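[1] The sequence and its predicted three-dimensional model are supplied below.
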Amino acid sequence: IESKLPQVGTTIFSVMSQLAQECEAINLGQGFPDFEPPARLREALARAVADGRNQYPPGIGVAALREQIAYKTEALYGRSTDPGTEVTVTSGATEAIFAAIAATVRAGDEVIVLDPAYDCYVPAIELQNARAVRMPLLQPEFSIDWQRLADAITPRTRMLIVNSPHNPTGAVLTADDLDRLAALLRDTSVLILSDEVYEHMVFDGALHQSMSRHPELAARSFVISSFGKTYHCTGWKIGYCVAPPALTAELRKVHQYLTFASFAPAQWALAEMLEAEPEHHLELSAFYQDKRDRFRALLADTPLVLQDVPGGYFQLVDYSAVRDVDDATFSQWLVREVGVAAVPLSPFFETPPESRLMRLCFAKNDATLEAGAARLAALN
Ligand code: PMP
Ligand code: GLN
């Protein structure tokens with residue numbers, strides 16, 4: 001069969017996790033916590049199953065959960081949100097991303113993707129017979145090159161994808177970035193897909209600059225998040241999209257035939273959790289900032305050079321003082337010989353830069369971070 005996605009193989013996250021298992025390495029590669037979701041949430045899930053929440057929920061999501069999402073969006077970002085027409089629950093952020101693209105991007109359209117980029121955007125664009133226009137972020141901060149972005153917008157540009165806090169770099173957008181973006185798009189019909197799955201992991205007192213905070217941008221945005229990140233339950237695959245009614249209506253057309261609905265018991269459990277412990281997500285930045293600082297202190301004894309981490313749960317490191325080889329070679333060597341799985345950066349780029357960077361996940365128990373850092377210290 002002639003592949004529709006000839007350049008796509010297995011994602012780097014699956015590849016590195018499998019290698020980590022085979023090599024019995026400490027897995028700091030794929031982004032997932034090695035600790036459990038809150039007890040209340042686990043109990044609520046068991047109760048939802050016992051209580052018979054086991055048949056199809058409403059396709060757009062359980063009402064109680066959509067109401068909690070709307071409430072949270074208003075409380076955090078000052079956006080008045082209608083759970084009936086503006087909130088859709090999806091099977092992870094991944095499904096929301098695919099559905100938003102499939103619903104609005106036509107053959108021949110252009111979608112601007114900022115490199116490095118999370119790996120599910122480009123295949124979703126190419127499956128629509130549209131073109132991903134990839135534009136590098138400016139190193140070392142991985143900030144937007146505004147002139148280059150302005151130049152990349154053409155009459156064919158249908159969508160711009162942004163991701164803050166950013167995977168893999170941890171970069172975050174500022175309020176000034178949002179104003180510049182609004183000015184740039186003002187006279188266009190370009191849509192925004194805003195991947196905000198790390199919205200509750202922003203450090204050093206900064207605020208998460210959701211598109212939902214900015215009415216002009218919110219009016220053209222699919223704002224997508226994931227409970228997997230916020231409640232340490234990446235395997236439950238429950239995400240959501242907040243978007244104006246006209247955009248939500250289009251997204252739901254795809255969602256209803258892609259999955260129809262998402263896992264019902266988890267939706268009931270999450271609705272209960274959001275209502276009972278609204279402080280959980282407010283405490284998450286401090287929780288992960290502490291992990292970041294602990295991990296960085298542990299890595300100070302290694303030859304790795306640490307990049308700043310304003311948000312998210314990944315630490316980028318420059319390994320060039322250890323070996324001057326490309327990142328694929330280095331990460332293979334690291335997992336096999338040193339027993340630490342990391343994620344190389346080149347799969348996130350169309351044209352990988354010369355830099356010698358890899359990504360380490362610090363959403364891990366302290367013992368895991370300590371054991372990983374001890375192995376990395378042996379690189380000295
Ligand atoms: N976007 C980004 C930037 C991510 O890092 C992830 C998950 N690792 C996703 C989307 C997908 O989230 P989910 O697991 O909820 O589908
Ligand atoms: N988003 C996670 C990461 O960046 C992994 C998710 C996945 O494996 N698809 O590592």
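    Received, thanks. Numbers count the residues shown, from 1 in each chain. Ligands and ions are numbered 1, 2, ... in the order given.

[2] mind listing what the closest residue to ligand 2 within the stretch 101-250 of the chain touches?
    Closest contact between the stretch 101-250 of the chain and ligand 2, by CB to the nearest ligand atom, is at N167 (5.1 Å). C-beta here means a position set from N, CA and C on the backbone, and glycine is covered the same way. Shown in contact with N167 (CB atoms under 8 Å, 6 or more residues apart in numbering): 31, 118, 197-198, 312, 314.

[3] Out of these, give me the two with the largest separation.
    Based on CB to CB, the longest span within the contacts of N167 runs between V197 and F314 and measures 12.1 Å.

[4] and the closest residue to ligand 2 within the stretch 201-350 of the chain, bridged to which residues?
    Residue of the stretch 201-350 of the chain nearest ligand 2, by CB to the nearest ligand atom: V343 (6.4 Å). Beta-bridge pairing of V343 under DSSP bridges involves R359.

[5] Need the pLDDT of it.
    Per-residue confidence (pLDDT) for V343: 97.

[6] Likewise for R47?
    Note on R47: pLDDT of 98.

[7] Confirm it sits in a helix?
    Yes. According to DSSP: H, G, I helix; E, B strand; the rest coil, R47 belongs to a helix.

[8] follow-up on the earlier one: gap between the residue of the stretch 101-250 of the chain closest to ligand 2 and G339?
    As judged by CB to CB, to the nearest Å, N167 and G339 stand 24 Å apart.

[9] all strands for the stretch 51-200 of the chain, in order.
    Secondary structure of the stretch 51-200 of the chain, counting by DSSP state E, counting those that start in this stretch: strands at 87-90, 110-115, 131-136, 157-163, 191-195.

[10] which of those strands is buried the deepest?
    Greatest average neighbour count among the strands of the stretch 51-200 of the chain goes to strand 87-90 (a mean of 28), per mean count of other CB atoms under 10 Å.

[11] right, quick check: it against ligand 1, any contact?
    No. Residues of strand 87-90 contacting ligand 1 under CB under 6 Å from any ligand atom: none, with a closest distance of 8.2 Å.

[12] Need the phi and psi values for the residue in the stretch 201-350 of the chain positioned nearest to ligand 1.
    Residue nearest to ligand 1 within the stretch 201-350 of the chain: S226 (3.2 Å; CB to the nearest ligand atom). When read as degrees, to the nearest 10, the backbone of S226 gives phi -140, psi 130.

[13] Could you do Y257 as well?
    Backbone torsions of Y257, given as degrees, to the nearest 10, read phi -110, psi -10.

[14] separation between the residue of the stretch 1-150 of the chain at minimum distance from ligand 1 and A99?
    The nearest approach of the stretch 1-150 of the chain to ligand 1 comes at G92, 2.6 Å away (CB to the nearest ligand atom). Here G92 is placed at a distance of 11 Å from A99 (CB to CB).

[15] Report how many residues lie close to the nearest residue to L284 once chain neighbours are set aside.
    Nearest-residue entry for L284: H200, 4.1 Å, with adjacent residues in sequence omitted and distances by CB to CB, 6 or more residues apart in numbering. Neighbours of H200 under the rule other CB atoms under 10 Å: 22.

[16] What residues does H200 make contact with?
    Taking CB under 8 Å, 6+ apart, one finds 208, 229-230, 281-282, 284-285 in contact with H200.

[17] among those residues, which are in helices?
    Counted as lying in helices by DSSP state H, out of the contacts of H200, are 229-230, 281-282, 284-285.

[18] Give me the neighbour count for R186.
    Other residues near R186 number 8, with proximity taken as other CB under 10 Å.
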